[in-house]
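Student: Sharing a model prediction with you, sequence too.
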Amino acid sequence: MGKAQKYVLLGDATYPLQDWILKPYQEDDNLTHRQLQFNYRLKRAHSVIENAFLRLKARWQILLKCDDCSLELLPTLVLACCILHNVCEAHDNPFNEEWLEGTEPTELPKPSQPAPAAMEDSRAEQVRELMCQYFESCGEG
């Protein structure tokens with residue numbers, strides 16, 4: 001859309017809208033088609049991410065048992081698993097669907113109340129609007 005953008009994290013409605021955290025528009029009857037499409041695409045992207053983490057945990061089941069690992073080692077362990085996982089995926093190392101049996105998708109704790117409006121960044125709405133325009137220009141899907 002003619003403006004360079006930074007990387008962003010995907011959040012749900014409880015997170016504050018920031019120029020680095022995209023969250024869906026609040027669901028109500030006043031959403032435009034463009035806003036509904038943005039919410040739909042954000043949910044689809046989130047499901048892809050959840051699936052990737054599920055495959056990562058299934059392939060490297062040590063990630064399911066990190067409670068006996070020191071906190072200092074944990075970031076290195078997760079990074080090593082991510083790198084090895086990506087190497088396996090890049091080299092078409094077969095993923096065994098049976099590995100998924102021991103890894104049920106888990107809901108991580110999330111805030112139960114939306115973030116206060118004061119935490120929201122006014123510039124972030126411009127980022128979200130640019131994403132809406134981009135999704136609209138890409139067509140349905």
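Tutor: Cool, got the structure. Residues are numbered from 1 along each chain as shown.
Student: pLDDT weak spots in this protein?
Tutor: 1, 66, 102, 104-112, 139-141 (pLDDT under 70).
Student: Which parts of it are strands?
Tutor: 9-10, 21-22 (DSSP state E).
Student: Other residues contacting the last one?
Tutor: Okay, so that is strand 21-22. Val8, Leu9, Leu10, Gly11, Tyr15, Leu42, Ala124, Val127, Arg128, Met131 (Cβ atoms under 8 Å, 6 or more residues apart in numbering). Quick note: C-beta positions are derived from backbone N, CA and C, even for glycine.
Student: Can you list which of the residues you listed are found in helices?
Tutor: Leu42, Ala124, Val127, Arg128, Met131 (DSSP state H).
Student: Would you convert those residues into JSON lines that also reports distance to Leu22?
Tutor: Below are the ones in helices among the contacts of strand 21-22 laid out as JSON lines (distance: Cβ to Cβ, whole Å):
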{"residue": "Leu42", "distance to Leu22": "6"}
{"residue": "Ala124", "distance to Leu22": "8"}
{"residue": "Val127", "distance to Leu22": "7"}
{"residue": "Arg128", "distance to Leu22": "6"}
{"residue": "Met131", "distance to Leu22": "7"}
